[in-house]
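Colleague: can you look at this prediction? I've put the sequence above it.
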Amino acid sequence: MATAKFTTTTTRNDARRDGKNTARSAGIERFRVLWLRDGKECRGPWFYSRERAHQAREAMADKYGRAIVFAD
């Protein structure tokens with residue numbers, strides 16, 4: 001008799017995806033900092049505060065030159 005295989009990874013991924021879709025539908029804005037390091041694009045974590053994202057941008061700009069804040 002065959003039984004369905006349910007893994008915790010699948011349910012975790014589904015829950016994570018549902019949470020992201022809920023945040024997007026609620027109109028929550030996210031921000032990410034992008035910068036170049038040795039000719040390659042690097043990116044920081046997602047920020048939910050514009051002020052925190054700009055603080056991170058200033059830190060990366062001081063360290064690597066130019067950096068931008070990307071809003072999603």
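Modeller: That came through fine. Residues are numbered from 1 along each chain as shown.
Colleague: make it CA atoms for all contacts and neighbour counts henceforth
Modeller: Fine.
Colleague: surely I68 forms part of a strand?
Modeller: Yes: assessed with DSSP: H, G, I helix; E, B strand; the rest coil, I68 lies in a strand.
Colleague: what about it, how many residues nearby?
Modeller: 18 (other Cα atoms under 10 Å).
Colleague: show residues contacting the longest strand seen in the chain.
Modeller: Determined from DSSP state E, the single longest strand within the chain is strand 31-37. Outside strand 31-37, the residues that touch it by Cα atoms under 8 Å, 6 or more residues apart in numbering are 41-50, 53, 56-57, 60-61, 64, 66-72.
Colleague: for A15, report the pLDDT, please.
Modeller: pLDDT recorded at A15 is 80.
Colleague: can you confirm it is in a strand?
Modeller: No: secondary structure of A15 (three-state DSSP): helix, not part of a strand.
Colleague: strands of the chain, start to end?
Modeller: Assigned strands in the chain, in chain order: 31-37, 40-43, 67-71 (criterion: DSSP E).
Colleague: alpha carbons of the longest strand of the chain, as CSV, please.
Modeller: Below are the C-alpha coordinates for strand 31-37, written out as CSV (Å, rounded to 0.1, in the frame of the first residue of the first chain):
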residue,chain,number,x,y,z
PHE,A,31,13.9,47.4,0.9
ARG,A,32,17.2,45.9,-0.1
VAL,A,33,20.6,47.4,-0.4
LEU,A,34,22.7,46.6,-3.6
TRP,A,35,26.3,47.4,-4.1
LEU,A,36,29.3,46.2,-6.3
ARG,A,37,32.2,44.4,-4.8
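Colleague: would you indicate which residues of it are buried?
Modeller: Within strand 31-37, the residues that count as buried by 16 or more other Cα atoms under 10 Å are 31-36.
Colleague: swap in stretch 53-71?
Modeller: Quick answer for stretch 53-71 (16+ other Cα under 10 Å): 53-54, 56-58, 60-61, 67-69.
Colleague: would you check which pair of these lies furthest apart?
Modeller: Largest separation among the buried residues of stretch 53-71 by Cα to Cα: A53 and A61, giving 12.0 Å.
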